[in-house]
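>>> Attaching a predicted model along with its sequence, questions to come.
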Amino acid sequence: DGGITQSPKYLFRKEGQNVTLSCEQNLNHDAMYWYRQDPGQGLRLIYYSQIVNDFQKGDIAEGYSVSREKKESFPLTVTSAQKNPTAFYLCASSIGPGGVGSPLHFGNGTRLTVT
Amino acid sequence: GIQVEQSPPDLILQEGANSTLRCNFSDSVNNLQWFHQNPWGQLINLFYIPSGTKQNGRLSATTVATERYSLLYISSSQTTDSGVYFCAVGSRGNYQLIWGAGTKLIIKP
């Protein structure tokens, strides 16, 4: 079955450490996205990528970095510069940019806790 | 930029009831999607509906683009319908979806 796999489901890190969240899709989608969700809140866009080797900052990119070396993979690194990294992180993909003309599909998310 | 408002913010219903969730947006859109986030955080795309009406089982959605609103109808609610319903919109030339704050739905058995 096609889908988006995020790993791990739960992640615990000490303050000051960088951490990388994995996102893999086998839907053959061109566009991929990272969102952050805080408790009781909506989704905020961190980064998005429309094609391989290209990505753009979203609304809250500070303290995060991404790479898109393969169509299937879009890992997110939460750096020590991110002031409040504890959150629920969701990866998504769509056939075309911005989900225009096609629905946005999500992985099951990674809950990151930094202490 | 486009503003998205969802109403009501919270809704508590008994199992079997019907409900209507609303999404208002402030400008023309070429992309509108409804999502359901279950209590475990999983986000499911319900409808891609920039205009017109669609139905999927007990759920249906209507977008009236000229009047800048969309409605999500849930009939014969079940406890598994509980969660948060989000509306997200996009405009021509802008690849970012703008998200509403969501409607939290609780279905009591």
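In hand now; what should we look at? As the structure is a prediction and not an experimental result, all values here were calculated from the model.
>>> Can you name every helix or strand that the helix or strand harbouring residue A:33 contacts?
Taking DSSP states H and E as the criterion, residue A:33 maps to strand A:31-37. Identification of packing neighbours for strand A:31-37 by 3 or more CB pairs under 8 Å, 6 or more residues apart in numbering or on different chains; DSSP states H and E yields strand A:19-25, strand A:43-51, strand A:87-94. Every C-beta, even on glycine, is put in place using the N, C-alpha and C of the backbone.
>>> so which of those gets nearest residue A:81?
For residue A:81, the closest of these is strand A:19-25, at 12.4 Å, according to CB to CB.
>>> what packs against that closest one?
Counting by 3+ CB pairs under 8 Å, 6+ apart, strand A:19-25 packs on strand A:4-7, strand A:10-13, strand A:31-37, strand A:76-78, strand A:87-94, strand A:110-114.
>>> Now that strand: average pLDDT?
In this model, strand A:19-25 has an average pLDDT of 97.
>>> ok, how many other residues are close to residue A:103?
17 (other CB atoms under 10 Å in any protein chain shown).
>>> remind me which residues of chain A are low pLDDT?
A:1, A:97-101 (pLDDT under 70).
>>> Next: chain B.
Ranges of chain B meeting pLDDT under 70: B:93-94.
>>> Pick out the residue in it sitting closest to chain A.
residue B:95 (3.5 Å; CB to the nearest CB).
>>> Give me the neighbour count for that residue.
By other CB under 10 Å, the residues close to residue B:95 number 20.
>>> I'd say it and residue A:45 touch.
No: under the criterion of CB atoms under 8 Å, residue B:95 makes no contact with residue A:45, lying 9.8 Å away.
>>> From residue B:83, how far out is residue B:74?
11 Å (CB to CB, to the nearest Å).
>>> Are there residues contacting both of these two? Which ones?
Common neighbours of residue B:74 and residue B:83 (criterion: CB atoms under 8 Å, 6 or more residues apart in numbering or on different chains): residue B:105.
>>> what residue is smack in the middle of chain A?
Residue closest to the mean C-alpha point of chain A, counted by CA atoms, centre = their mean, is residue A:34 at 2.7 Å.
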